[in-house]
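A.B. asks: Provide a 3D model corresponding to the input given below.
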Amino acid sequence: MIRCLAVDDESYASDIIAAFINKTPFLELVGTTTNAFEALNLVQEGKVDLVFLDIQMPELTGIQFLKICGGKCKVILTTAYPEYALEGFELDVVDYLLKPISYERFYKAALKAQQILSPPQYEVIAAPVASATSDFIFIKGETKNKFIKVNYDDILYIEGLKNYVSVYTASQRIITYQALRELENDLPKPPFYRVHKSYIISLDKIKMVDGNTLYIGDQSIPVGETYKEEFFKVIRERK
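C.D. replies: Sure, this is the predicted structure:
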């Protein structure tokens, strides 16, 4: 069992995490606390394997906590503020959960922790979710050290424009300075496929395919000759 501690300055938030821990077979709840220093003491005493840690706390921030604990436990960050994600991953957190947190997303993060913390003799618990891999990507912003978090499920299609790439979601268009090929290598396949020298699409978002043209929302996207054989093979397999 992985010994877990839920740390949040709002007790209702730590209670939610505690309920999720109790619901997960390979996790054991050590306790909950709204006091980051109390949490540090438990970690230093070796009583905790995994901390679910809020970032925004009044006495000691989650980032400060990470730097002080010095790798004596693994940490999954919980917060309503996505801008801290990159710094958290640079400090080797297991995962980053954005509030409000669903149990499905919590379980994915817990599975990552299990892969890291569980010794070989532990029984591997079958997951009720499809995958434990990340379901988002950080896209370079228009300034240095700016990264925009985009959920894979929100991406409709991606268009390459010379040295720039436009990422289209239902609510926004994100322009990033990088090659389409570079971004293509970072995206999971499926659901993302290159269908043209200038386009990558999400197979899940296709509304219709008509000849060598596919439609996502109101946008028509050509299927290039080079990519046609693989694309229609995938379409036929999904029938």
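A.B. asks: beta partners for Tyr168?
C.D. replies: Residues in a beta bridge with Tyr168, per DSSP bridges, are Tyr157, Arg173.
A.B. asks: I'd say it and Ile175 touch.
C.D. replies: No. Contact between Tyr168 and Ile175 fails when scored by Cβ atoms under 8 Å: they sit 10.3 Å apart. The C-beta positions use only the backbone N, C-alpha and C, and glycine is treated the same way.
A.B. asks: and these two? Which one has more around it.
C.D. replies: Legend: neighbour count by other Cβ atoms under 10 Å for Tyr168 and Ile175, higher for Tyr168 (20 against 14).
A.B. asks: what pLDDT does the more buried one get?
C.D. replies: With respect to pLDDT, Tyr168 has a value of 93.
A.B. asks: and Asn145, by the same measure?
C.D. replies: pLDDT for Asn145: 71.
A.B. asks: repeat for Thr79
C.D. replies: 82.
A.B. asks: what's the burial count for the closest residue to Gln219 other than its chain neighbours?
C.D. replies: Leaving aside its sequence neighbours, Gln219 sits nearest to Tyr157 (Cβ to Cβ, 6 or more residues apart in numbering; 6.9 Å). For Tyr157, the count of nearby residues is 21 (other Cβ under 10 Å).
A.B. asks: what of Glu10?
C.D. replies: For Glu10, the neighbour count with other Cβ under 10 Å is 13.
A.B. asks: change the start of the numbering to 42 and stick with it
C.D. replies: New numbering, starting at 42: the last item is Glu51.
A.B. asks: let me know whether it touches Thr75 as I believe.
C.D. replies: Yes. Between Glu51 and Thr75 there is a contact at 7.2 Å, judged by Cβ under 8 Å.
A.B. asks: the helices in the protein, which residues?
C.D. replies: Here the chain has its helices, by DSSP state H, at 52-64, 77-85, 103-110, 126-131, 144-158, 221-227, 266-278.
A.B. asks: let's have these in TSV, adding mean neighbour count, distance to Tyr234 and mean pLDDT.
C.D. replies: Listed next are these as TSV, based on neighbours: other Cβ atoms under 10 Å; distance: least, Cβ to Cβ, whole Å; pLDDT from 0 to 100:
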stretch	mean neighbour count	distance to Tyr234	mean pLDDT
helix 52-64	17	34	93
helix 77-85	17	44	90
helix 103-110	18	38	83
helix 126-131	16	27	55
helix 144-158	18	24	90
helix 221-227	14	9	86
helix 266-278	13	6	88
